[in-house]
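*Asks:* the sequence and its predicted three-dimensional model are supplied below.
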Amino acid sequence: MRRVILLFVVYIYTTSVFCQNNSEGGSHPFVLRIVEMIISSREQEEDTDEESLGEMIHYFNNLLARPLNINNAKPSSLEELVILTPFEIVAITTYIRDYGEILSFAELLLIPGVSSEKMEILKPFICLFSAGFKISDNFPGRSKIIIRGAVVPQTKEGYKPITRENYMLNPDSRYLGNPLHLYGQYRYTLSNNISALVTLEKDAGERGCDFISWSATAKSIGIVEKLVVGSYTARYGQGMVMWNAFIPEYSWEPVANMKREQGVSPHASADENSAYKGIAATLTKGSLSFSIMASSRRVDARLTESGYTSLLKTGLHNTPLTIERKGSLGVSMAAFNLALSLRRVKVGVTVSSDFKSHPYTGRDSALLLREIQGTKLLSNAGADWRYIKGRSLFYGEIAIDRCSAKGGVAGLIINMKSGMELSLRARLTEKHYRAPHSNVSGVSGSGVWSLGTGVKHKPLNNMTIFFKGELAERYFKLSLMCDYTVEKLINITLRGALKGTKREARADIKIFRGENFTMHTRADISIVKNESRDTYGFYVHNELILKLFNKKVDMSLRGAWFNAQHWENRIYSYEREVLYQFRTTALYGKGLRYYTNLKVSIGERTNLWLRYSSTRYLDRDITGEGPEKIQGPSKGEIKLQLQYSF
């Protein structure tokens, strides 16, 4: 019966033409759509590392040239597609096991439990047939060079002339180098199996290239699922033990309450603090996988005669003091992960050890206790699990640290027959629990319990309603969003949030005219309830996104007006940027902000970006303080980027 249906389907749709290809000159619009959904839903998080999303963009751009074969893809590869839920991954792999290979895109759309909308998004990045990997077939591979420069046109205090006497009294009042920010990256890819990259960066005020990062990666070669030499990141379980990278997730989706581990990955960001430096390998045999990691690096820290008191994470080395603290602390790490992955069950164990060249002598009582315990081999150990039963998914992780402090997270995700999705999550960490290799919020030292929930409901085909809630010992947050589309011409999004004494509301309207014209209007309001009086803030912007000259030119123009006189009323705004960069701007005070972002495609291999942004404050004559102080109400940025692929 399946083959009868299939013949009918093939009659309607072609079989394999959907494996689309695209020039690597820029990001595919679907990639930008995915990234914008992730960033816009996370834009109020102060620790968001937008630049780390560049690795995900590069991954999808590579798939445009060599799409992922759905029929032989491992579940871990399907996880990397980001937007597929564990339910959809199980549905696809189970269908292939029961009925054999999928023969057309139309057949893929017919698989029960798989979102046709998501498949349409992923259509350019997947295929049903692909040749095996042979170096001779892929040599010499593909290369890409990115060069970027940025500068603030206004003169900051740190770059102004100063007398020798005044400089000797306060040498950190002036920067050592020029105000240019420079960035360069070279990537080499041989198929999707072998790659290498080198990243260099000079921050504003630094002398010469201050940061260099490199890595070489091999994937899916025999039992070696992944091998990374150089700079890398690691994400396992729910982040209770190891997770030192950006968390790519749809924050509004209920399934986002569960972290989606991705194991070891090459580090492509210019973040000078997050990457490990050494070697990491994942070996896979059947359902078993074993990952081993080793790293030795130096980080910035405040040192005293007795030890270090804190770690410094700005990555800036543009004054005598920051130069003195550069790489002052040695950090070594060793870890392993052992996992068993079946179709509906996944269990794993992660163990990590860390050693520092100096003892901790700061004020954190938990870290002091770790020092008292001595250089034990064990730093943290955790066990994680995931189990799918019908339309329900159970997941979690429990962990213990060197001082026997414990932490854990557990959750449930339900995909109802009605189409509604529901998630519940509980987290509890003891006050002294520390996970030095995890940057997941709420893991280290919170000492409180928290309960989270998420709901997704589609009352209409063109309307989706999301609800998120989080209740903890010291705070609570409730959020509601409604997304409504009118015949693919107008998209309206309404949001509301309540967090403690702060109330927020937002309205977004996007008007589309084909693929070449988009107008985006947004309005925000923020209210903070105080004992003495309430404070208010608002933000309004209008943006035009144009594609001209047969899409060779892509232009964004935005103008915004904001008034948030108190820091508690600050409003965050996601902005379009040059390739591999994203910007979430926190607006505080009273003023106007505008930017223009221009991309020009020159031939098939070269792309040029030019971006100018500026904020003009209406309530002050000086912006910034210390070396960052600017005389005048405006602060801007000019950015130029060149990309060449060959």
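*Replies:* Sure thing, it's come through. Numbering: from 1, shown residues only.

*Asks:* in this protein, where is pLDDT below threshold?
*Replies:* Low-confidence segments of the chain (pLDDT under 70): 1-55, 130-139, 246-251, 373-377, 441-447, 580-582.

*Asks:* all helices of it, in order?
*Replies:* 2-12, 29-42, 53-65, 75-79, 86-99, 105-109, 116-122, 135-138, 164-169, 320-325, 365-372 (DSSP state H).

*Asks:* just list what the fourth one packs against, helices and strands only.
*Replies:* Meaning helix 75-79. Applying 3 or more C-beta pairs under 8 Å, 6 or more residues apart in numbering; DSSP states H and E, one finds that helix 75-79 contacts helix 86-99. The way it works is simple: take the backbone N, C-alpha and C, and place the C-beta from them, glycine included.

*Asks:* how far does the helix it packs on sit from the chain's center?
*Replies:* 27 Å (C-alpha atoms, centre = their mean, to the nearest Å).

*Asks:* now stretch 117-125
*Replies:* On C-alpha atoms, centre = their mean, the centre of stretch 117-125 falls 20 Å from the chain's centre.

*Asks:* stretch 62-82 now?
*Replies:* Counting by C-alpha atoms, centre = their mean, stretch 62-82 comes out at 19 Å from the chain centroid.

*Asks:* just stretch 120-130 next, same as before
*Replies:* From the chain centre to the centre of stretch 120-130 is a distance of 23 Å (C-alpha atoms, centre = their mean).

*Asks:* and stretch 169-177, by the same measure?
*Replies:* Using C-alpha atoms, centre = their mean, the offset of stretch 169-177 from its chain centre is 34 Å.

*Asks:* now do stretch 485-504
*Replies:* Using C-alpha atoms, centre = their mean, the offset of stretch 485-504 from its chain centre is 22 Å.

*Asks:* give me the contact list for it.
*Replies:* The contact list for stretch 485-504, computed with C-beta atoms under 8 Å, 6 or more residues apart in numbering, reads 462-463, 475-484, 505-513, 524-530, 568-569.

*Asks:* of the residues you listed, buried ones?
*Replies:* For the contacts of stretch 485-504, a burial check counting by 16 or more other C-beta atoms under 10 Å picks out 479-483, 505-506, 508, 510, 512, 524-528, 568-569.

*Asks:* return the subset of the contacts of stretch 485-504 lying in strands.
*Replies:* Judged by DSSP state E, strands contain the following of these: 463, 476-484, 505-513, 524-528.

*Asks:* in the chain, what residue sits furthest out from the centroid?
*Replies:* The C-alpha centroid of the chain is most remote from Glu165, which lies 46.0 Å away (C-alpha atoms, centre = their mean).

*Asks:* from Pro171, how far out is that one?
*Replies:* Going from Glu165 to Pro171 by C-beta to C-beta, to the nearest Å gives 12 Å.

*Asks:* now Thr309: closest residue in space that isn't a chain neighbour?
*Replies:* Gly362 (4.0 Å; C-beta to C-beta, 6 or more residues apart in numbering).

*Asks:* who are the contact partners of the one you found?
*Replies:* Counting by C-beta under 8 Å, 6+ apart, Gly362 has contacts 308-310, 368.

*Asks:* what would those look like in TSV with neighbour count and distance to Leu182?
*Replies:* Output for those, formatted as TSV (neighbours: other C-beta atoms under 10 Å; distance: C-beta to C-beta, whole Å):
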residue	neighbour count	distance to Leu182
Tyr308	23	30
Thr309	15	32
Ser310	15	29
Leu368	14	41
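
*Asks:* what about the residue nearest to Thr309, distance to Asn71?
*Replies:* With C-beta to C-beta as the criterion, Gly362 and Asn71 are 54 Å apart.

*Asks:* what do you get for Ala280?
*Replies:* 29 Å.

*Asks:* the two: who's more crowded?
*Replies:* Ala280 (25 against 16; other C-beta atoms under 10 Å).

*Asks:* pretty sure that one contacts Ala234?
*Replies:* Yes - contact criterion C-beta atoms under 8 Å: Ala280 and Ala234 qualify, at 6.7 Å.

*Asks:* so what's in contact with those two at the same time?
*Replies:* In contact with both Ala280 and Ala234: 264, 291, 293, using C-beta under 8 Å, 6+ apart.

*Asks:* just the residues you listed now: which is nearest Tyr395?
*Replies:* Nearest to Tyr395, judged by C-beta to C-beta, of the shared contacts of Ala280 and Ala234 is Ser291 at 19.1 Å.

*Asks:* quick one: residues contacting the closest one.
*Replies:* 234, 236, 263-264, 280-283, 336-339.

*Asks:* PyMOL command for the buried members of the residues you listed?
*Replies:* Selection of buried members from those for PyMOL, criterion 16+ other C-beta under 10 Å:
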select buried, resi 234+236+263+264+280+281+282+337+339
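
*Asks:* make CSV out of the contacts of Ser291 and add distance to Lys547.
*Replies:* Shown next, in CSV, are those (distance: C-beta to C-beta, whole Å):
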residue, distance to Lys547
Ala234, 39
Tyr236, 41
Gly263, 37
Val264, 38
Ala280, 41
Ala281, 43
Thr282, 40
Leu283, 46
Phe336, 48
Asn337, 44
Leu338, 49
Ala339, 44
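
*Asks:* ok, the spatially closest residue to Thr85 that is not a sequence neighbour - contacts?
*Replies:* Excluding its sequence neighbours, the residue lying closest to Thr85 (C-beta to C-beta, 6+ apart) is Val255, at 4.9 Å. Residues near Val255 by C-beta under 8 Å, 6+ apart: 85-86, 413, 421, 423.

*Asks:* could you dump those residues to JSON lines with distance to Thr199?
*Replies:* Listed next are the contacts of Val255 as JSON lines, based on distance: C-beta to C-beta, whole Å:
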{"residue": "Thr85", "distance to Thr199": "32"}
{"residue": "Pro86", "distance to Thr199": "32"}
{"residue": "Ile413", "distance to Thr199": "36"}
{"residue": "Glu421", "distance to Thr199": "38"}
{"residue": "Ser423", "distance to Thr199": "36"}
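
*Asks:* with just CA atoms, put stretch 353-368 into CSV.
*Replies:* What follows is stretch 353-368, C-alpha atoms only, in CSV (Å, rounded to 0.1, in the frame of the first residue of the first chain):
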residue,chain,number,x,y,z
SER,A,353,38.8,17.0,36.1
ASP,A,354,40.4,20.4,36.2
PHE,A,355,43.7,21.8,37.5
LYS,A,356,44.8,25.4,37.9
SER,A,357,48.4,26.7,38.3
HIS,A,358,47.4,28.9,41.3
PRO,A,359,45.1,28.2,44.2
TYR,A,360,41.8,30.2,44.6
THR,A,361,42.0,32.8,47.4
GLY,A,362,38.9,34.9,46.7
ARG,A,363,35.6,35.3,48.6
ASP,A,364,33.5,32.4,47.1
SER,A,365,33.1,30.0,50.0
ALA,A,366,32.4,27.1,47.6
LEU,A,367,35.5,27.6,45.6
LEU,A,368,37.5,27.9,48.8
